[in-house]
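> After the sequence you'll find the predicted model.
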Amino acid sequence: TKIISIVGTRPQFIKAALVSKKLREKGVKEILVHTGQHYDFNMSDVFFKELGLPEPDYYLGIGSGNHGEQTGKMLIEIEKVLLKEKPDIVIVYGDTNSTLAGALAAAKLHIPVAHVEAGLRSYNKKMPEEINRVLTDHISTWLFTPTKTAVENLHKEGISKGVYQVGDVMFDIALESINRVDEEKVLSKYGLKPKEFILATIHRAENTDFRENLINIWEALNEIASYGYRIIFPTHPRTKKALNEAGININFKNENLLLIEPVSYFEMLALEKNAKLIITDSGGVQKEGYFWETPCVIPRNETEWIELVKIEFNKLAGNKAEAIVKYSLEVLNGEKQYNIIEHLYGKGDASDKIIEVLTQGW
Ligand code: UD1
Ligand code: UDP
């Protein structure tokens, strides 16, 4: 029996790491396919090294491009691999173009698809990820959901067969990794003190491709920094490019607004855990904040991780500077304690449960 796992972007390397390790420990033949959607050292290799992911068996080298072009090239190359390897199952993760291409190529060849992180919805079809998620869910055989909300979302679309609420594989890997992180070393590397800084990440298409939104967020960060709060901002390559194109000088010297290259996963965990506040439009980061009891202000109008907004842990701020600043200052100056009251993302055993379901009867 053979499983092909398809990954291609930063969050997918992280999501796949434990599942892949455990599959192999169980003696399952796993073939790892890397589409090459992310290819910079600090967007790809660093995660393979840090998380001990095996070298990909196939590196497709697709790279960047428009959605149709990128997804189309992936389809062509993934199909070739599937025809050659004839796997019994294909596993895809999350909601990127690599996810959709993997699922679609497999489903058309009648190879059953397992979708890890199924059922998430923002209900905003302008997001490329929303299209990827909905389509992938509708052609998957196994739908592994991280939350109860995700199960309900699937039910609303008439999907109930094959749905397993297993918890979140990102919680598994975060718990497994945090003890291996030298937090003090990371903080001293960037000259930061615990709970005295803000961590920011931005990369959503709606915030990078629309100049107005990008500039609003940029102004909000500058205003917050001008009040004396330190912000560390590991900058996604897409955002760096967009800032440059918007004519913003990112090589300026401002010790309160520190733009750095994307960091490794372990460094990121240390930064999230020790930040007083996170400002992010990342799906993964807003939820990892909760793992470490660090609240997030989200410069978006909707989120897939709605349960954290409902319990008033995270705040949706939209893409206007004023609201981003206002909600950030509320956290920074307020008395509210942000503690975990409920484990919303499982018990850290989502990857075990996934493997149990997939290998039943083998
Ligand atoms: C992709 C996913 C998004 C996910 C994110 C994780 C899609 C549609 N989007 O967005 O859901 O949240 O990954 O980070 O699949 N670039 C580089 N080097 C790299 C990778 C990208 O310079 O290694 C630059 C290129 O200019 C590229 C741009 O970033 O055009 C965007 O990359 P792309 O993979 O298309 O989308 P992301 O914004 O990374
Ligand atoms: N991450 C990282 N280094 C960074 C930024 C993010 O290791 O500089 C990790 C982060 O901890 C999380 C994942 O990458 O596990 C989230 O990926 P990203 O924000 O790129 O995508 P999204 O979750 O929005 O799809």
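Received, thanks. All values derive from a computational prediction rather than experimental measurement. Ligands and ions are numbered 1, 2, ... in the order given.

> Next up, the contacts around residue 35.
6, 7, 8, 60, 62, 74, 77, 78, 98, 101, 102 (Cβ atoms under 8 Å, 6 or more residues apart in numbering). For the C-beta atoms, the positions are set from N, CA and C on the backbone; glycine is no exception.

> The chain: strands as residue ranges?
Along the chain, counting by DSSP state E, strands occupy 2-7, 29-34, 58-59, 89-93, 113-116, 142-145, 163-165, 197-201, 230-234, 257-260, 277-280, 296-298, 315-316.

> Switch those over to a markdown table; also include mean neighbour count and distance to ligand 2.
Converted to a markdown table, these look like this (neighbours: other Cβ atoms under 10 Å; distance: least, Cβ to the nearest ligand atom, whole Å):
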| stretch | mean neighbour count | distance to ligand 2 |
| --- | --- | --- |
| strand 2-7 | 25 | 12 |
| strand 29-34 | 21 | 16 |
| strand 58-59 | 17 | 20 |
| strand 89-93 | 28 | 10 |
| strand 113-116 | 26 | 13 |
| strand 142-145 | 25 | 16 |
| strand 163-165 | 19 | 20 |
| strand 197-201 | 25 | 5 |
| strand 230-234 | 21 | 4 |
| strand 257-260 | 18 | 8 |
| strand 277-280 | 26 | 7 |
| strand 296-298 | 30 | 11 |
| strand 315-316 | 18 | 15 |
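
> before we move on, back to that, spatially, which two of the contacts of residue 35 are the most separated?
Spanning the widest gap among the contacts of residue 35 are 7 and 77, at 13.8 Å by Cβ to Cβ.

> what's near enough to touch the residue nearest the centre of the chain?
Per Cα atoms, centre = their mean, the C-alpha nearest to the average position across the chain is that of residue 284, at 3.7 Å. Listed by Cβ under 8 Å, 6+ apart, the contact set of residue 284 reads 11, 14, 170.

> related to what we said a few turns ago, between the strands of the chain, which one is nearest to ligand 1?
For ligand 1, the closest of those is strand 197-201, at 9.1 Å, according to Cβ to the nearest ligand atom.

> Just the CA atoms of the closest one, as PDB, please.
Taking Å, rounded to 0.1, in the frame of the first residue of the first chain, the C-alpha atoms of strand 197-201 are listed here in PDB:
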ATOM      1  CA  PHE A 197       6.900  43.500  21.500                       C
ATOM      2  CA  ILE A 198       4.300  42.900  18.700                       C
ATOM      3  CA  LEU A 199       4.700  40.200  16.000                       C
ATOM      4  CA  ALA A 200       3.300  41.100  12.600                       C
ATOM      5  CA  THR A 201       2.900  39.000   9.500                       C
END
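
> Show the average pLDDT along it.
For strand 197-201, mean pLDDT is 98.

> any bit of it sitting next to ligand 1?
No. Strand 197-201 is not in contact with ligand 1 by Cβ under 6 Å from any ligand atom; minimum separation 9.1 Å.

> Name the residues that touch that strand?
Outside strand 197-201, the residues that touch it by Cβ under 8 Å, 6+ apart are 221, 224, 229-234, 236, 271-272, 274-282, 285, 294, 328, 332.

> returning to what we had before: and the contacts of residue 284 near ligand 2, which?
Okay, of these touching ligand 2 (Cβ under 6 Å from any ligand atom), that's 11, 14.

> In TSV, list the contacts of residue 284 along with pLDDT and neighbour count.
Listed next are these as TSV, based on pLDDT from 0 to 100; neighbours: other Cβ atoms under 10 Å:
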residue	pLDDT	neighbour count
11	98	21
14	98	25
170	98	25
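
> closest to residue 147 among the contacts of residue 284?
Each of the contacts of residue 284 was scored against residue 147 by Cβ to Cβ, and residue 170 proved nearest at 11.6 Å.

> if I pick the closest one, what's in contact with it?
Contact analysis of residue 170 by Cβ under 8 Å, 6+ apart lists 11, 14, 15, 146, 284, 287, 288, 345.

> Tell me the one among the contacts of residue 35 nearest to ligand 1.
Once Cβ to the nearest ligand atom is applied, the member of those that ends up nearest ligand 1 is residue 98, at 6.5 Å.

> residues of the top helix by length along the chain that come out buried?
The longest helix of the chain (DSSP state H) is helix 67-85. Judged by neighbour count using 16 or more other Cβ atoms under 10 Å, the buried positions of helix 67-85 are 70, 71, 73, 74, 75, 77, 78, 79, 81, 82, 85.

> Looking at the contacts of residue 35, which is nearest residue 49?
Nearest to residue 49 among the contacts of residue 35, with distances taken as Cβ to Cβ, is residue 7, at 14.8 Å.

> any idea how far the closest residue to the closest one other than its chain neighbours is from ligand 1?
The shortest distance from residue 7 to any non-neighbouring residue, by Cβ to Cβ, 6 or more residues apart in numbering, is to residue 16 (5.0 Å). For residue 16, the distance to ligand 1 (Cβ to the nearest ligand atom, to the nearest Å) stands at 14 Å.
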